[in-house]
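Colleague: kindly generate the corresponding structure for this input.
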Amino acid sequence: MNGGFETTDAAATWPQAQALDVRAPLGAAPTVGSAWSAAGVAMLAGLAATCALAPVQLSMTVVVAAAGLHNWCEARYLLSRMPARWGPLRPWFVAALTGTVGLAAAHVLIGLAPGTGDQATMRLSWWHTALVGWVVGLWACRRPGRVEVPQWLPAAFACVGLAWLAPRWMSLGLVYVHPLLALVFVDRELAVRRSPWLHAWRRTLGALPGALLLVWTLTTLLPTTADASTTVPQAGAFLLPAGLAAPLVATHVLLESLHYVAWIVLLPLASGARPWHLRQVPLALASAGARRVLVGVLVGGALAVGLLWIAFAWDYETTRDVYFTVAVLHVIAEAPFLVRLPWAVR
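Modeller: This next block holds a predicted model:
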């Protein structure tokens, strides 16, 4: 089995249990019809309208309630996709892990390092270049013994160009692209494990541009009652004229809300995995010691979620700023798993 990620027969090192296997879909999922698609579109429209009507209030609510929880669910999901033995893919995994930690640490240090604005901009450009190069390298070497030039290499070069022409806009793009990656994980899970649901899911996703248009229309027509650019700085509205702050913040809230729903609700449903069950997680099956470590990590993560809730209640703004600074780790950590998703399955 391939653990739901692309591999080769010579390097079948991905999880065999509780994993995506194109040869063994999860159960006999009933076909989901137009009624479910309509319900999904209606809920998406309702969420978009709520984001437009109260972007600041909804942003604070979803961040406090779901930021830490979605990180725990994401860690649980990604750990379940890690193989117990790396085999011939060991160099690839080492590069993935060291790159994740190194890039995350570098991003935090860039924010803390003293220097002029030009120096900070230069550091940010180098960081984005390293990030793009790392992802391209992971894709190119994802199969042992062969190098695969990605078809999207021109887009990678364009990203590097943007990183040097306008690094802060490149960072802003990452802020808005990242929430969509969770939807990609859901799509791949459904394609492999619950294909009867896939058509309804994609029809619902097809309504996302309309939901974004609704957000921008409503926020343009309605008066704003708060300075959203300073209340929700993670949206990056400070880079735009004041009149565009509210639509941009509402867009960010909509995408972040979908991101949280995907990790907390949709992916557990699509994968059929109960977060508290570890009996089918390859790392937990490797040895008793590995299972204890995994349990310790998940329990420690749950405690961290509780502490984050307390910190938000104590000082929301400081906790929010610290959280979004450190959260770059989970943004980068998704890249290796995206690279090895079963892209051939439709």
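Colleague: how much space between L131 and L218?
Modeller: 34 Å (CB to CB, to the nearest Å). The C-beta positions use only the backbone N, C-alpha and C, and glycine is treated the same way.
Colleague: chain center to the helix or strand hosting A158, what's the gap?
Modeller: Following DSSP states H and E, one finds A158 within helix 153-165. Here helix 153-165 is found 21 Å from its chain centre; the criterion is CA atoms, centre = their mean, to the nearest Å.
Colleague: L131 and L218: who's more crowded?
Modeller: Set L131 next to L218 and count neighbours by other CB atoms under 10 Å: L131 wins out with 22 against 18.
Colleague: find me the pLDDT at D21, would you?
Modeller: Confidence at D21, expressed as pLDDT, is 38.
Colleague: after the helix or strand of the chain with the lowest mean pLDDT comes which helix or strand?
Modeller: Lowest on mean pLDDT, DSSP states H and E among the helices and strands of the chain sits helix 228-231, with a mean of 53. Next in sequence after helix 228-231, counting helices and strands by DSSP H and E, comes helix 245-261.
Colleague: does anything pack onto that next one? Which helices or strands?
Modeller: Here helix 245-261 touches helix 34-53, helix 55-80, helix 167-193, helix 208-221, helix 228-231, going by 3 or more CB pairs under 8 Å, 6 or more residues apart in numbering; DSSP states H and E.
Colleague: for those, could you give me JSON lines that also reports distance to F157?
Modeller: Putting the helices and strands packed on helix 245-261 into JSON lines (distance: least, CB to CB, whole Å) gives the following:
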{"stretch": "helix 34-53", "distance to F157": "34"}
{"stretch": "helix 55-80", "distance to F157": "28"}
{"stretch": "helix 167-193", "distance to F157": "13"}
{"stretch": "helix 208-221", "distance to F157": "27"}
{"stretch": "helix 228-231", "distance to F157": "32"}
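Colleague: lowest-confidence stretch among the ones you listed?
Modeller: Mean pLDDT per stretch puts helix 228-231 lowest among the helices and strands packed on helix 245-261, at a mean of 53.
Colleague: please report how far L131 lies from F337.
Modeller: On the measure of CB to CB, L131 and F337 end up 15 Å apart.
Colleague: correction: the previous question concerned G40.
Modeller: According to CB to CB, G40 and F337 sit 25 Å apart.
Colleague: for L165, same thing?
Modeller: Counting by CB to CB, the gap from L165 to F337 is 30 Å.
Colleague: which of these two has more neighbours?
Modeller: Higher neighbour count among L165 and F337: F337, with 19 against 10, using other CB under 10 Å.
Colleague: hmm, the more buried one is touching A75, no?
Modeller: No - counting by CB atoms under 8 Å, A75 is not a contact partner of F337; they are 11.5 Å apart.
Colleague: dump the strand or helix carrying A200 to PDB, restricted to CA.
Modeller: Secondary structure from DSSP H and E places A200 in helix 198-205. Taking C-alpha atoms only, helix 198-205 is exported to PDB below (Å, rounded to 0.1, in the frame of the first residue of the first chain):
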ATOM      1  CA  LEU A 198     -16.300  13.900  -4.800                       C
ATOM      2  CA  HIS A 199     -18.800  15.300  -7.300                       C
ATOM      3  CA  ALA A 200     -20.800  17.100  -4.700                       C
ATOM      4  CA  TRP A 201     -17.700  18.300  -3.000                       C
ATOM      5  CA  ARG A 202     -16.300  19.800  -6.200                       C
ATOM      6  CA  ARG A 203     -19.600  21.500  -7.100                       C
ATOM      7  CA  THR A 204     -19.600  23.100  -3.600                       C
ATOM      8  CA  LEU A 205     -16.000  24.200  -4.200                       C
END
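Colleague: ok, now which ones touch G173?
Modeller: Shown in contact with G173 (CB atoms under 8 Å, 6 or more residues apart in numbering): L162.
Colleague: no, scratch that, I was asking about A270
Modeller: A270 neighbours (CB under 8 Å, 6+ apart): V186, E189, L190, R193, R194, W197.
Colleague: name the nearest residue to it, sequence neighbours excluded.
Modeller: Nearest non-adjacent residue to A270, counting by CB to CB, 6 or more residues apart in numbering: E189, 3.8 Å away.
Colleague: isn't the one you found right up against P268?
Modeller: No - if you go by CB under 8 Å, E189 and P268 don't touch, sitting 9.8 Å apart.
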